[in-house]
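[1] Task: produce atomic coordinates for the following.
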Amino acid sequence: MTMIKKIILKYPGLGQFFKFIVVGFMNTAIDFLVLNFLMWQTGIYQGKWIISLNAISFSIAISNSYFWNKYWTFRAKGPAVAPLEMSQFLIVSLIGTVINSGVIFGLTTYIPPAFGLGRELWPVSNALRSAAGWANFAKVMATGLSLIWNFLGYKFVVFRR
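    Next up, the predicted model:
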């Protein structure tokens, strides 16, 4: 038996956390793709309207997250959509959305771009260095914070056994 399998057998929560991270990468990709598409289509990269764009992208990713986390990460039993479980999932996810959108709003609105990043996604000059854009940097920070909240909420509230 490999050392990783031994560790996961000894600490099952660690195995769940690794699965949660895999699901999280997939959901983060969905979240970033949708947010970047919406920013590109609307030209909104800061201010109060970025909250709406972020909430849309985050909500789409969270919907995908429910099913992957329910059946794969936490191996929860029961119907595909159980009313109490779904409402708990939505409450935890809404709080995660507030955390995520709050960080995005705060960083993009009150802190000027740093590290050579620009406000726009694809500025004409220095395209390679600033292609990520300040909003995407803020999104990475927001995702890290909401990831911790969501894992703990899903594990101990929504999908507890």
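[2] Give me the helix or strand of the protein that scores worst on average pLDDT.
    The helix or strand of the chain with the lowest confidence, counting by mean pLDDT, DSSP states H and E, is helix 3-10 at a mean of 74.
[3] Buried residues of that helix, list them for me.
    Buried residues in helix 3-10, counted by 16 or more other C-beta atoms under 10 Å: I8. Placement of C-beta: from N, CA and C, glycine included.
[4] just stretch 137-144 next, same as before
    Going by neighbour count (16+ other C-beta under 10 Å), the buried part of stretch 137-144 is F137, A138, K139, A142, T143.
[5] With pLDDT added, can I get the residues you listed in a markdown table?
    Shown next, in a markdown table, are those (pLDDT from 0 to 100):
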| residue | pLDDT |
| --- | --- |
| F137 | 86 |
| A138 | 89 |
| K139 | 86 |
| A142 | 92 |
| T143 | 87 |
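[6] Beyond the least confident helix or strand of the chain, next helix or strand please.
    helix 12-42 (DSSP states H and E).
[7] From the contact counts, what lies against that following helix?
    Counting contacts by 3 or more C-beta pairs under 8 Å, 6 or more residues apart in numbering; DSSP states H and E, helix 12-42 is packed against helix 3-10, helix 49-68, helix 133-153.
[8] now for the first one, which elements pack on it?
    Read it as helix 3-10. helix 12-42.
[9] give me that answer again for 6 Å
    Contact partners of helix 3-10 among helices and strands, from 3 or more C-beta pairs under 6 Å, 6 or more residues apart in numbering; DSSP states H and E: none.
[10] that older thread, from the buried residues of stretch 137-144, which single one is nearest G102?
    A142 (7.8 Å; C-beta to C-beta).
[11] For the helix or strand harbouring E85, which residues meet the burial criterion?
    Assigned by DSSP H and E, E85 belongs to helix 83-110. Of the residues in helix 83-110, 85, 88-90, 92-93, 96-97, 99-101, 103-105, 107-108 count as buried by neighbour count, 16+ other C-beta under 10 Å.
[12] coming back round to it: and N27, which of the helices and strands packed on helix 12-42 is closest to it?
    helix 49-68 (4.1 Å).
[13] what packs against the closest one?
    With contacts defined as 3+ C-beta pairs under 6 Å, 6+ apart, helix 49-68 has these neighbours: helix 12-42, helix 83-110.
[14] how about a markdown table for those, with mean pLDDT added?
    Listed next are the helices and strands packed on helix 49-68 as a markdown table, based on pLDDT from 0 to 100:
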| stretch | mean pLDDT |
| --- | --- |
| helix 12-42 | 89 |
| helix 83-110 | 90 |
